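*Asks:* need coordinates for the following:
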Amino acid sequence: GWGRTNEGALGNGGGYDQGSGDYCYRTYPEKLMTDVAFVDGGGILDGITVAIKTDGSLWYTGNVVRKTIYGMKVTNWEYQTTFQKLTDDVSFAMAGGSSIYAVKNNGELWEYKPEKIWEYGESGFDQSGNPIDGAYHFEFKSKKIMDDVEKLADGGQILALKKDGSVWAWGYNSQGQVGNGTYGSSVDDEVKQPVKVLENVQDLAVGYNYASSAAIKTDGSLWIWGSCPEGATKSEFSTKPIKLLDSVKDVAIHQLDFVALLPDDTIQAWGYFSDFSDAFANSNDSPIKDIEVSLQVLFALKEDGILWAIGNNMNHTFGMESAGMENGEKIEDITTPVQLTGIKKVETPVQTAPQTAAPTTSKVLVNGKAVSFDAYKISGNNYFKLRDIAKVLSGTDKQFEVTWDSAKNAINLISGQSYTPVGGELATGSGANQQAVLNTSTVYLDGKQIALTAYTIKGNNYFKLRDLGQSFDFGVGWDGANNTVTIDTNTGYTPE
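*Replies:* Model (predicted):
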């Protein structure tokens with residue numbers, strides 16, 4: 001990690017300088033932990049970092065609660081400067097609002113909220129380093145929020161993307177960023193319980209200014225609500241999701257800097273990056289995989305694993321001691337892409353904690369005909385081998401081709417084309433439970449990146465049947481009385 005180490009956010013033992021009142025900075029990447037699969041740098045808690053290790057354990061560092069002494073608020077914080085373990089069996093996590101949120105491997109979303117524990121007589125320090133009595137510690141209280149969650153986003157409001165593609169939101173709502181049609185800046189206006197605001201979504205983004213929300217639908221369209229980018233819409237904010245662009249690969253927001261990555265790898269942006277449409281055109285020939293925005297810094301992760309940055313380096317956000325220097329003088333704006341030093345390759349986060357996959361015992365009918373599949377139930381959902389579904393649908397109106405791009409670690413799905421068998425399709429399973437590991441390959445449908453949950457079982461890719469039904473618009477049904485799953489290519493997909 002690198003950048004500002006306020007309140008121990010890097011977990012390297014450093015933090016706020018109580019004596020000088022200054023923040024400390026790390027100007028180049030420093031190794032902080034090993035065996036890490038996922039990391040999130042904060043959100044509204046501005047100074048807390050959460051990390052998931054490859055064994056599924058969740059760790060945190062940085063500020064957690066503001067300290068109050070004898071009813072008077074002081075300006076220092078209760079914070080950790082090294083990583084501490086919080087819980088296990090986690091696939092996704094973030095710091096949001098005044099809590100840490102964790103998605104368990106079974107899809108359950110849990111909130112871990114710090115609560116004060118007064119310990120009179122212990123000593124603390126104020127911002128100037130003067131000792132004070134009556135400092136307190138904290139402990140986390142946990143509660144379950146909902147089921148079937150895939151990922152989260154936080155900007156004061158919390159957005160949760162469920163596995164069925166629906167988006168649920170709650171929290172601060174000063175500019176309508178929850179998306180439920182209301183807004184208000186008082187505590188009473190905060191939305192306490194999750195509300196459903198959008199469907200058919202594959203990805204989320206929020207602005208860390210309490211006020212902007214965005215989602216990319218499965219058709220690639222970009223929708224926004226809350227504070228809107230200046231000049232992009234008729235009004236300054238919207239309390240309901242509105243469509244902004246027809247087709248994007250990714251979106252990132254910080255404060256009122258909106259950046260959309262278009263299919264041709266150009267940038268459409270509002271705010272600081274409005275003149276950066278071809279920002280990464282000359283960085284290298286590798287396509288852009290992901291973008292992120294920090295305080296006036298735009299990061300781009302290429303398919304080759306190289307991380308690039310452009311923008312303002314005032315907080316050493318580039319992780320380079322030399323970046324932003326010219327003839328010995330500091331220059332903050334960097335207008336050509338910089339490859340971050342000390343980072344050879346950024347790997348896609350991997351959840352290695354395996355799931356138990358139980359063989360599906362239900363009968364399966366494809367257009368009324370019984371077909372035997374080596375299918376499994378994982379966390380209550382039916383997962384089918386991708387190539388098995390492609391084979392049985394080949395020749396129908398809902399057929400699709402499957403190809404593999406090893407250089408990009410990508411699965412390509414091409415609708416309307418007949419399937420080319422590779423061998424092993426519709427092979428009979430052993431009937432025993434198997435270990436399923438979350439698949440991290442990028443999935444493209446007709447050239448557009450889509451988000452589908454997949455698991456690898458015995459070297460084969462298994463996808464949720466309803467996800468495939470939605471992607472290729474074929475009917476998926478359930479006959480509970482006869483314990484039968486139905487696949488119908490003569491009808492369109494209908495959500496549960």
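*Asks:* how many neighbours does Asp88 have?
*Replies:* Counted with other CB atoms under 10 Å, the neighbours of Asp88 add up to 15. Quick note: C-beta positions are derived from backbone N, CA and C, even for glycine.
*Asks:* thought it was touching Leu58?
*Replies:* Yes. With contact defined as CB atoms under 8 Å, Asp88 reaches Leu58; the gap is 7.2 Å.
*Asks:* as a check, name the ranges of all strands in the stretch 301-450 of the chain.
*Replies:* 307-312, 325-326, 329-330, 333-339, 355-359, 363-366, 369-370, 376-378, 381-385, 400-405, 410-415, 434-438, 442-445, 448-450 (DSSP state E, counting those that start in this stretch).
*Asks:* can you check the stretch 51-200 of the chain too?
*Replies:* For the stretch 51-200 of the chain, the strands defined by DSSP E, counting those that start in this stretch occupy 58-69, 72-87, 90-96, 99-104, 109-118, 123-125, 131-133, 136-146, 149-154, 157-162, 167-171, 191-198.
*Asks:* pull the CA atoms of the following helix or strand past the last one into PDB?
*Replies:* Where DSSP states H and E defines the elements, the next helix or strand beyond strand 191-198 is strand 201-207. Output for strand 201-207, consisting of C-alpha atoms alone and laid out as PDB, is shown next (Å, rounded to 0.1, in the frame of the first residue of the first chain):
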ATOM      1  CA  VAL A 201     -27.700  -5.200 -12.600                       C
ATOM      2  CA  GLN A 202     -24.100  -6.500 -13.000                       C
ATOM      3  CA  ASP A 203     -22.000  -3.900 -11.200                       C
ATOM      4  CA  LEU A 204     -22.100  -0.900  -8.800                       C
ATOM      5  CA  ALA A 205     -20.300   2.300  -8.000                       C
ATOM      6  CA  VAL A 206     -20.700   5.100  -5.500                       C
ATOM      7  CA  GLY A 207     -19.200   8.500  -4.900                       C
END
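*Asks:* who's in contact with strand 201-207?
*Replies:* When contacts are defined by CB atoms under 8 Å, 6 or more residues apart in numbering, strand 201-207 is touched by residues 43, 151-155, 157, 159, 161, 165-167, 177, 212-218, 226-227, 250-258, 450-451.
*Asks:* swap in stretch 230-237?
*Replies:* By CB under 8 Å, 6+ apart, stretch 230-237 touches 175-176, 183, 211, 224, 226-228, 242, 244, 256, 258, 270-271.
*Asks:* let's have these in JSON lines, adding secondary structure.
*Replies:* Putting the contacts of stretch 230-237 into JSON lines (DSSP: H, G, I helix; E, B strand; the rest coil) gives the following:
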{"residue": "Gln175", "secondary structure": "coil"}
{"residue": "Gly176", "secondary structure": "coil"}
{"residue": "Tyr183", "secondary structure": "coil"}
{"residue": "Ala211", "secondary structure": "coil"}
{"residue": "Ile224", "secondary structure": "strand"}
{"residue": "Gly226", "secondary structure": "strand"}
{"residue": "Ser227", "secondary structure": "strand"}
{"residue": "Cys228", "secondary structure": "coil"}
{"residue": "Ile242", "secondary structure": "strand"}
{"residue": "Leu244", "secondary structure": "strand"}
{"residue": "Leu256", "secondary structure": "coil"}
{"residue": "Phe258", "secondary structure": "strand"}
{"residue": "Trp270", "secondary structure": "strand"}
{"residue": "Gly271", "secondary structure": "coil"}
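*Asks:* which among those gets closest to Asn482?
*Replies:* Of all the contacts of stretch 230-237, Ile242 has the smallest distance to Asn482: 43.8 Å, by CB to CB.
*Asks:* for the closest one, what are its contacts?
*Replies:* 223-225, 228, 233.
*Asks:* could you redo those residues as JSON lines and give each row distance to Phe140?
*Replies:* Below are the contacts of Ile242 laid out as JSON lines (distance: CB to CB, whole Å):
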{"residue": "Trp223", "distance to Phe140": "34"}
{"residue": "Ile224", "distance to Phe140": "33"}
{"residue": "Trp225", "distance to Phe140": "31"}
{"residue": "Cys228", "distance to Phe140": "36"}
{"residue": "Thr233", "distance to Phe140": "39"}
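*Asks:* so which of the residues you listed comes closest to Ala279?
*Replies:* Closest approach to Ala279 among the contacts of Ile242 (CB to CB): Ile224, at 20.9 Å.
*Asks:* surely Leu445 meets Leu413?
*Replies:* Yes. Shown here, Leu445 and Leu413 form a contact pair, counting by CB under 8 Å, at 4.8 Å.
*Asks:* comparing those two, which residue is more hemmed in?
*Replies:* Between Leu445 and Leu413, counted using other CB under 10 Å, the more crowded position is Leu413 (23 against 19).
*Asks:* ok, that one touching Gly447?
*Replies:* No. Contact between Leu413 and Gly447 fails when scored by CB under 8 Å: they sit 9.8 Å apart.
*Asks:* give me the low-pLDDT residue ranges for the stretch 101-250 of the chain?
*Replies:* 116-138, 187, 208-210 (pLDDT under 70).
*Asks:* using the three-state scheme, assign the closest residue to Ile389 other than its chain neighbours.
*Replies:* Leaving aside its chain neighbours, Ile389 sits nearest to Leu468 (5.7 Å; criterion: CB to CB, 6 or more residues apart in numbering). Look at Leu468: counting by three-state DSSP, its state is helix.
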